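Asks: Here is a sequence together with a model predicted from it:
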Amino acid sequence: MSRRKTDEEKDESGSSEKVVVAQLSEKTLLATGIRVGTLVRTKDMEKFISRTRPDGLRIIDLEKILSRIDVAAKSIARSDIKRIVVCSAKEYGKTPVEMFCSLTGAIPITGRFMPGTFTNPLYPEHIDPELVIVADPMIDARAIEEASKIGVPVIAICDTDNVTSNIDLVIPGNNRGRRALATIFWLLARAVLVHSGALTPDQPMKHSIEDFETKIVEESAK
């Protein structure tokens, strides 16, 4: 993937939705909160917002979410999956990222992103990525910064309050909600598998959205 390939964003049609969602009903999809944004709307994200609810929350255009997931999946499927790094420093992103990487073969980085991971060849855990995916450009800013320094393209899941500097492809969506984030990674994993030929468009996933969802561990009663 390169910056010029983001021109594919112009080819956002309803046909991509079939590849992404397949046997997932619209009702089920909407119930995940995938399109519910924040009270804040940045200039970068204006074009992805369809309306504002009475309570002030911005609603992201569902068709644009699905279209961008499909565009991202095509780029991922064309890349060397073993050199694609998926990052999430937020707790809710741990399981979605690990499940996505388990199914596709990408490299997961969850929790704190160690400085030099991409930029310092002497760092023991150094990675030379071809493409970087992040769950939240605000929290995963360090990964984006290092990818930008070495000229590696970045795909980011962006909520309505995010700024998209140094991001090559935006996947709009709710990146705060536990179930919403799981759903986005589930949809992305499915689309990657379809575009890489591992799944047919009408073939169901072996794993559910629940499998991608980070479980809340309740503190034991004292």
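Replies: Good, I have the coordinates.
Asks: these two touch, right, E145 and N166?
Replies: Yes. The criterion here is C-beta atoms under 8 Å, and E145 meets it with N166 at 7.2 Å. Where C-beta positions appear, they are placed from N, C-alpha and C, glycine not excepted.
Asks: Ramachandran angles for the residue nearest the centre of the chain?
Replies: Nearest to the mean C-alpha position of the chain, by C-alpha atoms, centre = their mean, lies I157 at 4.4 Å. Dihedral pair for I157: phi -80, psi 120, per degrees, to the nearest 10.
Asks: surely it meets M138?
Replies: No. Counting by C-beta under 8 Å, I157 stays clear of M138, with 10.9 Å between them.
Asks: for stretch 115-135, which positions count as buried?
Replies: Of all the residues in stretch 115-135, those buried under the rule 16 or more other C-beta atoms under 10 Å are T117, F118, P129, L131, V132, I133, V134, A135.
Asks: Please state the mean pLDDT value computed over it.
Replies: In this model, stretch 115-135 has a mean pLDDT of 97.
Asks: same deal with stretch 204-220?
Replies: 83.
Asks: OK, contacts around I157?
Replies: I157 is in contact with V134, A135, D136, I171, P172, G173, N175, L181, I184, counting by C-beta atoms under 8 Å, 6 or more residues apart in numbering.
Asks: let me fix that: R112
Replies: A89.
Asks: quick thing: my sequence starts at 5, can you match it?
Replies: Renumbered: residue one is now 5, and that last one reads R116.
Asks: Let's see which of the buried residues of stretch 119-139 end up in helices.
Replies: Per DSSP state H, helices hold no members of those.
Asks: Generate CSV for these, with distance to L70 as supplementary columns.
Replies: Shown next, in CSV, are these (distance: C-beta to C-beta, whole Å):
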residue, distance to L70
T121, 31
F122, 30
P133, 26
L135, 20
V136, 22
I137, 17
V138, 19
A139, 18
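Asks: What about the contacts of I161, which are in strands?
Replies: Taking DSSP state E, the ones among the contacts of I161 that sit in strands are V138, I175, P176.
Asks: Please produce JSON lines containing these, extended by distance to G201.
Replies: Output for those, formatted as JSON lines (distance: C-beta to C-beta, whole Å):
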{"residue": "V138", "distance to G201": "26"}
{"residue": "I175", "distance to G201": "22"}
{"residue": "P176", "distance to G201": "27"}
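Asks: which of the residues you listed lies closest to L107?
Replies: Closest to L107 out of the ones in strands among the contacts of I161 is I175 (17.3 Å), distances taken as C-beta to C-beta.
Asks: Hmm, that closest one is touching D163, no?
Replies: No. Contact criterion C-beta under 8 Å: I175 and D163 do not qualify, at 10.4 Å.
Asks: Moving C-terminal from the strand or helix carrying L33, which element do we reach first?
Replies: Per DSSP states H and E, L33 falls inside helix 30-35. Downstream of helix 30-35, the first helix or strand assigned by DSSP H and E is strand 53-56.
Asks: in its sheet, what does that next one sit against?
Replies: Here strand 53-56 is paired, per DSSP bridges, with strand 62-64 (antiparallel).
Asks: Show me which parts of the helix or strand following the partner strand are buried, residue by residue.
Replies: For strand 62-64, the following helix or strand on the C-terminal side (DSSP H and E) is helix 66-82. If you call a residue buried by 16+ other C-beta under 10 Å, then helix 66-82 has these buried ones: 66, 68-81.
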